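Colleague: dropping a prediction and its sequence here:
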Amino acid sequence: MAMTTAIVKRRLAAIFCADVAGYTRLMNADAAATLRLLAAHREVTDRLIAQHDGRIANTAGDSILAEFPNALDAAQCALAIQERLAVVNAEMPEARRLSFRIGIHVGEAMVRDGDLFGDSVNVAARMQSLAEPGCICLSGSAHDYVHRTLPVIFEDLGPQQVKNLDKPVQCYRLRPSDTPSLRAIPPVHRRNEANLMRRCHEMMRKELAAVTVPEGLEPLELAMLASLADVPGIDADRLASRVGIYLSDPQRFLEHLARLDLVAREGAGWSVTKKGSELAGRLRAPVHAAIDRVMAPLSDSEREILINLLARVIKANEAKTEAG
């Protein structure tokens, strides 16, 4: 059988190259928490790249290689990424901050099967390596396209040697605005437990809804399925108590699940059906992933502390209720 050779195309593009500063150190300190935080950051970077008409050509570990139709889109995207992630990092201990370095170059790119390669990619990678964490470096060609349009200050770093190129490349540093595009929580709200709990609850429900609603469920109903699996034959009132949220009509929720063939009545109680068990099993991984996205700014030890504190609050208040 004759082998087909992929066609190599050439085109002018703005090449965007990014990686995480100190990634190995962060992984050695807390690999699981670093991977969760990187996944949360990548949701931000990937969404902003798409919003600015960029195309991700390759990702490997902590690095991103993308192309844009013009240098202005690439630079505006890089600024948006750095400003958005700066808000996240401001809420974290310095030792755990995950910051990207970004390089941008405009030149002829070689494209094969969607991958980018060639001298222009090497230049963009060199610009990225010269950038400080949280900053952006542009080559002279990229700077020529954007310096009259972007209302920012460019620092001239002079000519820089690039691997596999004979001539040095002019380089400019671009720092994001000192004013974050997102406002931090005001001090008065930081001291208001009710406000913080409400906002955290809203974030969690939003993430869980993204997983459960396409399956015809609400997040509360998924918790009910889990409780039914733990204690088959449970009645509606005890189920509502186990779920931990007061329900004026828990029977209505159970009947809704029964219509979906997710639960079945057994005498005076209810239990999860085979279809319900399969659904709960199928959703277990994506639900855990949703929770990881919310908790990404926390290290494993911080997350364990939070879980223990919440358990203490719940247990103490339930004990008071039972004693009354």
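Modeller: On my side now, so go ahead. In this text the structure is predicted, and so the values were computed from the model without any measurement.

Colleague: pLDDT averaged over stretch 219-235 - what is it?
Modeller: Across stretch 219-235, pLDDT averages out at 82.

Colleague: buried residues, that stretch. List them.
Modeller: Using 16 or more other C-beta atoms under 10 Å as the test for burial, stretch 219-235 gives 219-225, 227-228, 234. From N, CA and C alone the C-beta is placed, and that goes for glycine too.

Colleague: looking at these, which are in helices?
Modeller: Using DSSP state H, the subset of those located in helices is 219-225, 227-228.

Colleague: apart from its neighbours in sequence, what residue is nearest the residue minimising distance to the centre of the chain?
Modeller: With distances taken as C-alpha atoms, centre = their mean, the residue of the chain nearest its centroid is Ala40 (1.9 Å). What sits nearest to Ala40 in space, not counting adjacent residues and going by C-beta to C-beta, 6 or more residues apart in numbering, is Ala296, at 3.7 Å.

Colleague: isn't that neighbour up against Leu37?
Modeller: Yes - contact criterion C-beta atoms under 8 Å: Ala296 and Leu37 qualify, at 4.8 Å.

Colleague: and those two? which has more neighbours close in?
Modeller: More crowded of Ala296 and Leu37, by other C-beta atoms under 10 Å: Leu37, with 26 against 21.

Colleague: where do the strands of the protein begin and end?
Modeller: For the chain, applying DSSP state E gives strands covering 9-20, 55-60, 63-68, 100-112, 115-117, 136-139, 154-160, 169-174, 263-266, 269-272.

Colleague: the fourth one packs against which elements?
Modeller: Here strand 100-112 is seen to pack against strand 9-20, helix 71-90, strand 115-117, helix 119-130, strand 136-139, helix 140-146 when contacts are counted using 3 or more C-beta pairs under 8 Å, 6 or more residues apart in numbering; DSSP states H and E.

Colleague: how about low-confidence regions in this protein?
Modeller: For the chain, the stretches flagged by pLDDT under 70 are 1-6, 178-190, 244-248, 321-324.

Colleague: report the buried residues of the top helix by length along it.
Modeller: Assignment by DSSP H gives helix 300-323 as the longest helix of the chain. Of the residues in helix 300-323, 302-303 count as buried by neighbour count, 16+ other C-beta under 10 Å.
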